[in-house]
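Visitor: next come a sequence and a model predicted from it.
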Amino acid sequence: MSTPPETLEELLTVTSSNSDRVHLALVLHDVVAPHTLCRLSVISRMPVQRFQAAGCVACAEESLQQGIKAAVEEGHAAVNLERFVRRMRPAPEVRGPRIPRQPTG
Ligand SMILES: [Zn+2]
């Protein structure tokens, strides 16, 4: 009975205690998990703020690791978590020296 969630109906934006960010929590059979993906207690499933504006990066990264690429924001469109993480944490630029390939033999 533990199939990984695949549909985006199973990930909701929520609020948590001790945090003014918008977090993510899994939903199973219409019941919101007691903890967010970054392991805080879920307080409400109706965040005042938008995830794009005040989302929790730890939650977004955790959901991407679990293979969930979008979350449902109640009353709004789905949130693209890949784009969110990329915006919050731009990939470090690779500026190393070019290593020329040496022909072998
Ligand atoms: Zn979080």
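Guide: Now that the structure is in, tell me what you want to look at.
Visitor: output the below-cut-off pLDDT ranges for this structure.
Guide: Counting by pLDDT under 70, the chain contains low-confidence residues at 1-9, 90-94, 96, 104-105.
Visitor: sec struct for the residue nearest in space to the middle of the chain, please.
Guide: Note on the chain: the residue nearest the mean C-alpha position is residue 60, at 1.4 Å, using C-alpha atoms, centre = their mean. Under DSSP: H, G, I helix; E, B strand; the rest coil, residue 60 falls in the helix class.
Visitor: how close does it sit to residue 21?
Guide: Applying C-beta to C-beta, to the nearest Å, the value for residue 60 to residue 21 is 11 Å. Using the backbone N, CA and C atoms, a C-beta is placed for each residue, glycine as well.
Visitor: what residues does this structure put near the ion?
Guide: Counting by C-beta under 5 Å from the ion, the residues of the chain lying close to the ion are 23, 36, 38, 56, 58-59.
Visitor: assumed residue 87 was part of a helix.
Guide: Yes: assessed by three-state DSSP, residue 87 belongs to a helix.
Visitor: burial check on it, number of neighbours?
Guide: Residue 87 has 12 neighbours, counted by other C-beta atoms under 10 Å.
Visitor: all strands of the protein, in order?
Guide: Remark: strands assigned in the chain by DSSP state E are 11-16, 23-28, 31-32, 42-44, 70-71, 79-80.
Visitor: need those strands in TSV (columns: mean neighbour count).
Guide: Below are the strands of the chain laid out as TSV (neighbours: other C-beta atoms under 10 Å):
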stretch	mean neighbour count
strand 11-16	24
strand 23-28	22
strand 31-32	12
strand 42-44	15
strand 70-71	24
strand 79-80	20
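Visitor: can those strands go into JSON lines with extra columns for distance to residue 64?
Guide: Shown next, in JSON lines, are the strands of the chain (distance: least, C-beta to C-beta, whole Å):
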{"stretch": "strand 11-16", "distance to residue 64": "11"}
{"stretch": "strand 23-28", "distance to residue 64": "10"}
{"stretch": "strand 31-32", "distance to residue 64": "20"}
{"stretch": "strand 42-44", "distance to residue 64": "20"}
{"stretch": "strand 70-71", "distance to residue 64": "10"}
{"stretch": "strand 79-80", "distance to residue 64": "11"}
